[in-house]
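>>> build me a model:
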Amino acid sequence: MVAKTGELRLGHRDNSRPFSYRDPATGQVMGYSVDICTKIYDEVKKELKRPDLRLTYVLVDGKNRLSDVKNRTVDLECGTTTNTAERQKEIAFSHHIFIATTAFVVRKDSGIKTLDDLQGKRIAVERKTTNDSLLVANERTFHRKFVYVLVDSAQQSLAALTRGEADAAFADDASLWVPMTQLGKSMGEYHFLEKRLSMEPYSIGLRRDDPRFKDLVDRVTRRTIQSGEMSSLYKKWFNSDQGVLPMSAFMREALKRPSDVGVEQIAF
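The predicted structure follows:
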């Protein structure tokens, strides 16, 4: 299909920093996921012996990203799409490129080191989300009791923490990282607790009916992991003046061995 059209269509998100977004200042599409997809584009050019192959950026969103892959609007979906067994019925996926985990951020001087220390504490969490449900399940399983500070985004959960309205912010680590970097020097006053409650493996989406293209995508993502390039990309995109986003045990494991199964099948 790509050989016939003379272009590879890369589906990107509008503002999924730092994975996939358009820089408002330059208009350039960039991000962690986009960098990996660009490596795939370079490999396709070599495979087809088409140095003139065009790279076309196509905006996708959370609602149409899977259908845009299925109906050939895009050849690659490069964003923050979780690879699940259910979604594998609709599209194919690359090896995992990132493992997001749900994490707690607290003040370093709070004395909070474990989940048991959060007993009776105020936790800012986005309302009506899987993260909200995770806290409820954790309370029930471990006989804990949290005080909920309900907000509308990960950024608002961090804001509640910094304003002293909550003792912890709870959201995906990658979603918390960007607003944390915007705290400037005060970012150093906060850190992630080591314990994570869930994980979501992000992968690059592509059509199910092109095994040759799937083999190429897998080859590139596998090589990027095994060569250490993906670790370098992690440091590039999850870096700030205060340091690098702490890599979860799940992400470290993913960088040791490529995997293309869904989250339901991962065993760490």
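>>> from here on, just use CA atoms for contacts and neighbour counts.
OK.
>>> can you give me the helices in the stretch 101-250 of the chain?
For the stretch 101-250 of the chain, the helices defined by DSSP state H, counting those that start in this stretch cover 130-142, 154-162, 173-181, 211-226, 229-237, 249-254.
>>> now the second one: how far from the chain's centre is it?
Average the C-alpha atoms of helix 154-162, do the same for its chain, and the two points are 19 Å apart (Cα atoms, centre = their mean, to the nearest Å).
>>> can you check the shortest one too?
Centroid separation between helix 249-254 and its chain, computed with Cα atoms, centre = their mean, is 13 Å.
>>> same deal with the third one?
Per Cα atoms, centre = their mean, the displacement of helix 173-181 from the mean C-alpha position of its chain is 11 Å.
>>> quick check: mean pLDDT across it?
Averaging pLDDT along helix 173-181 yields 89.
>>> now Pro201, which residues is it bridged with?
Beta bridges link Pro201 to Ile99, judged by DSSP bridges.
>>> Gln28 is nearest to which of the helices of the stretch 101-250 of the chain?
helix 229-237 (15.4 Å; Cα to Cα).
>>> for that closest one, packing partners?
Applying 3 or more Cα pairs under 8 Å, 6 or more residues apart in numbering; DSSP states H and E, one finds that helix 229-237 contacts helix 32-48.
>>> and the contacts of the helix it packs on?
Outside helix 32-48, the residues that touch it by Cα atoms under 8 Å, 6 or more residues apart in numbering are 3, 8, 10, 12, 18-20, 51-53, 55, 76, 78-80, 97, 204, 216-217, 220-221, 233-234, 237.
>>> tell me which residues of that helix are tucked away?
Buried residues in helix 32-48, defined by neighbour count with 16 or more other Cα atoms under 10 Å: Tyr32, Ser33, Val34, Asp35, Ile36, Cys37, Ile40, Tyr41, Glu43, Val44, Lys45.
>>> that helix to helix 229-237, inter-axis angle?
140 degrees (axes from the mean of the first three to the mean of the last three Cα atoms, to 10 degrees).
>>> dump stretch 115-129 to CSV, restricted to CA.
In CSV, the C-alpha atoms belonging to stretch 115-129 read as follows (Å, rounded to 0.1, in the frame of the first residue of the first chain):
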residue,chain,number,x,y,z
LEU,A,115,0.6,3.2,50.6
ASP,A,116,0.0,2.5,54.3
ASP,A,117,1.2,6.0,55.0
LEU,A,118,-1.7,7.3,52.9
GLN,A,119,-4.3,5.9,55.3
GLY,A,120,-6.7,8.7,56.0
LYS,A,121,-4.9,11.1,53.7
ARG,A,122,-6.3,13.3,51.0
ILE,A,123,-5.7,12.0,47.4
ALA,A,124,-6.4,14.1,44.4
VAL,A,125,-7.6,11.9,41.5
GLU,A,126,-9.5,12.5,38.3
ARG,A,127,-13.2,11.7,38.8
LYS,A,128,-15.0,8.9,37.0
THR,A,129,-11.8,7.2,35.7
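>>> which residues are contacting that stretch?
Residues contacting stretch 115-129 (Cα under 8 Å, 6+ apart): 111-112, 131-132, 144-154, 157-158, 160-161, 165-171, 195.
>>> for the stretch 1-150 of the chain, just list every one of the strands.
Along the stretch 1-150 of the chain, counting by DSSP state E, counting those that start in this stretch, strands occupy 7-12, 15-16, 20-22, 29-30, 54-59, 76-78, 92-107, 122-126, 147-151.
>>> quick one on the thing from earlier: any chance of the helices of the stretch 101-250 of the chain in TSV, plus distance to Asp117?
Output for the helices of the stretch 101-250 of the chain, formatted as TSV (distance: least, Cα to Cα, whole Å):
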stretch	distance to Asp117
helix 130-142	13
helix 154-162	16
helix 173-181	20
helix 211-226	36
helix 229-237	30
helix 249-254	21
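>>> make CSV out of these and add mean neighbour count.
Formatted as CSV, these follow (neighbours: other Cα atoms under 10 Å):
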stretch, mean neighbour count
helix 130-142, 14
helix 154-162, 22
helix 173-181, 21
helix 211-226, 18
helix 229-237, 16
helix 249-254, 17
